[in-house]
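Chemist: Just the structure for this:
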Amino acid sequence: DRVVATLGVSHEDTITVGSNIASSLIKLELWDDAKTLLGDQLLPAARRSLGADHKSMLDLNYDLAWALRRNPERTRDDLLEAESIMQDVVRRRRRVFGPAHPETREAETLLSDVCVELAHV
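Modeler: Below you'll find the predicted structure:
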């Protein structure tokens with residue numbers, strides 16, 4: 001709350017702190033909390049202030065797709081949302097970082113994993 005009060009919700013440092021919190025929520029397997037923080041708070045703020053191609057924005061989207069996929073109570077709609085997010089992340093990372101960049105490869109792997117799981121749901 002202090003960071004938000006000092007810097008504002010759309011400041012890059014605030015978004016970084018929020019991203020760290022979201023990562024902790026994911027590690028604690030608090031899937032719904034992570035999804036809410038990422039999807040309802042961090043991503044809209046990052047989109048406004050950083051733009052769609054900023055590394056932090058791409059990482060936040062990746063984290064949201066990861067949380068959607070890893071949640072043991074995920075639905076087919078969650079996987080479809082994760083697939084859509086990752087298609088966009090892969091496309092942007094290829095353009096921004098190049099096809100051989102490790103973060104592009106990581107995104108391609110997550111997209112592939114989501115597609116495999118969708119085929120079995």
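Chemist: What is the longest helix along the chain packed up against?
Modeler: Using DSSP state H, we find that the single longest helix of the chain is helix 76-97. Helices and strands touching helix 76-97, as assessed by 3 or more Cβ pairs under 8 Å, 6 or more residues apart in numbering; DSSP states H and E, comprise helix 55-70, helix 102-119. Where C-beta positions appear, they are placed from N, C-alpha and C, glycine not excepted.
Chemist: Next, format those helices as TSV and append distance to residue 83, mean neighbour count and mean pLDDT.
Modeler: TSV is the format used below for the helices and strands packed on helix 76-97 (distance: least, Cβ to Cβ, whole Å; neighbours: other Cβ atoms under 10 Å; pLDDT from 0 to 100):
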stretch	distance to residue 83	mean neighbour count	mean pLDDT
helix 55-70	8	22	96
helix 102-119	5	16	97
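Chemist: what would the ones you listed look like in TSV with distance to residue 24?
Modeler: Below are the helices and strands packed on helix 76-97 laid out as TSV (distance: least, Cβ to Cβ, whole Å):
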stretch	distance to residue 24
helix 55-70	11
helix 102-119	20
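Chemist: related to what we said a few turns ago, I would like the residues contacting the longest helix of the chain, please.
Modeler: Residues from elsewhere that reach helix 76-97, judged by Cβ atoms under 8 Å, 6 or more residues apart in numbering: 52-53, 55, 58, 61-62, 64-66, 68-69, 71, 101, 103-104, 107-108, 110-111, 114-115, 117-118, 121.
Chemist: Pull the contacting residues for residue 18.
Modeler: Residue 18 touches 37, 41-42, 45, counting by Cβ under 8 Å, 6+ apart.
Chemist: So residue 45 versus residue 63, what's the distance?
Modeler: Look at residue 45 and residue 63: by Cβ to Cβ, to the nearest Å, they are 14 Å apart.
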